[in-house]
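A.B. asks: I'll drop the sequence and a predicted model, then ask my questions.
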Amino acid sequence: MPGGRLTQQDRQQIALGLADGLAYAEIARSLGRPTSTVTREVMRNGGPTGYRADLAHRATERRTHRRRPAPAQGPGPAPQPYGRDADAVREYEDTFTTVMMQSGLPKMMSRVMVCLLTSDAGSMTASELAQRLQVSPATISKSITFLESQTLVRRERDERRRERYIVDDDLWYQTTVASVRSLTQQVEIARQGATVLGPGTPAATRLENVARFLDFVGESLARAAEQAREVLYTKPETTPDSPTTPSPEHE
């Protein structure tokens, strides 16, 4: 399987595959590359509709020239816990960050979010994040403030009085609930517009249709979130091998 950086010919093949409507996985197979490599390459260089092989190649060359050479001496990258492959983890984090950016999250906030999500503790201090991402504490502070405003992270102080930034286990539930609240507001404003513009008029009918659609989606989303939370976050009953924790019905 070919290794190393993508060549200009590889990028031309990617562009041709996109033009033919091929999936990333299919393009990756033709190149003998991981799907994540193709996904990251396309998302980093204009997306599936804006990707251009020559522009992508030149952009990569510029990024390579801007990078400072690694120090000749000094400790290597920290070993990964649980015997993880450091290169595979780094590639996964890059791909995850790209997906986060596609959802609308700014790049730095996406990097911080991925860093927290992929940490075994699910929490890190500002200094740990700054060291891990090689950015300034001020950059971390700005990113955390934004993520907090989106209810994606929270902060608390640990036993050493340091602030720790945390992603909760029910993060996606809380995010979904916030989305439902936003949809509810949109339903209300659409119905208000339908009243103001006059029932039965074309504009009012359009807004009423919008309200009905969003109302249905919001109710379905809220119901699905509650069901998922009930099923996925229910703690399993204690097995005979772990008798120290009583099951809920015996508490």
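C.D. replies: Perfect, I can see it now.
A.B. asks: So what are the structural domains in this structure, by residue number?
C.D. replies: 8-60, 88-166, 171-232 (automatic domain parsing).
A.B. asks: Out of these, which is closest to residue 80?
C.D. replies: Proximity to residue 80 (CB to CB) singles out domain 88-166 among the domains of the chain, at 6.0 Å. Yep, even glycine has a C-beta here, placed from its N, CA and C like the rest.
A.B. asks: what ranges do the helices span in the stretch 151-251 of the chain?
C.D. replies: Ranges of helices within the stretch 151-251 of the chain are 171-197, 202-232, based on DSSP state H, counting those that start in this stretch.
A.B. asks: pLDDT-wise, which helix or strand of this protein ranks last?
C.D. replies: Lowest by mean pLDDT, DSSP states H and E among the helices and strands of the chain is helix 53-66, with a mean of 75.
A.B. asks: name the helices or strands packed onto it?
C.D. replies: Counting contacts by 3 or more CB pairs under 8 Å, 6 or more residues apart in numbering; DSSP states H and E, helix 53-66 packs against helix 8-19, helix 35-44.
A.B. asks: Out of these, indicate the one that is most buried.
C.D. replies: helix 35-44 (a mean of 20; mean count of other CB atoms under 10 Å).
A.B. asks: Show me what that one is packed against.
C.D. replies: Partner elements for helix 35-44 (3+ CB pairs under 8 Å, 6+ apart): helix 8-19, helix 24-31, helix 53-66, helix 86-102.
A.B. asks: average pLDDT across that helix?
C.D. replies: Confidence over helix 35-44 (mean pLDDT, whole number) is 87.
A.B. asks: Taking their axis directions, that helix and helix 86-102 sit at what angle?
C.D. replies: Relative orientation of helix 35-44 and helix 86-102, computed by axes from the mean of the first three to the mean of the last three CA atoms, to 10 degrees: 40 degrees.
A.B. asks: mind listing what the nearest residue to residue 37 once chain neighbours are set aside touches?
C.D. replies: Leaving aside its sequence neighbours, residue 37 sits nearest to residue 28 (CB to CB, 6 or more residues apart in numbering; 6.6 Å). Applying CB atoms under 8 Å, 6 or more residues apart in numbering to residue 28 gives the contacts 34-35, 37-38.
A.B. asks: Dump those residues into JSON lines; add distance to residue 203 as well.
C.D. replies: As requested, the contacts of residue 28 are exported to JSON lines (distance: CB to CB, whole Å):
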{"residue": "34", "distance to residue 203": "50"}
{"residue": "35", "distance to residue 203": "45"}
{"residue": "37", "distance to residue 203": "48"}
{"residue": "38", "distance to residue 203": "45"}
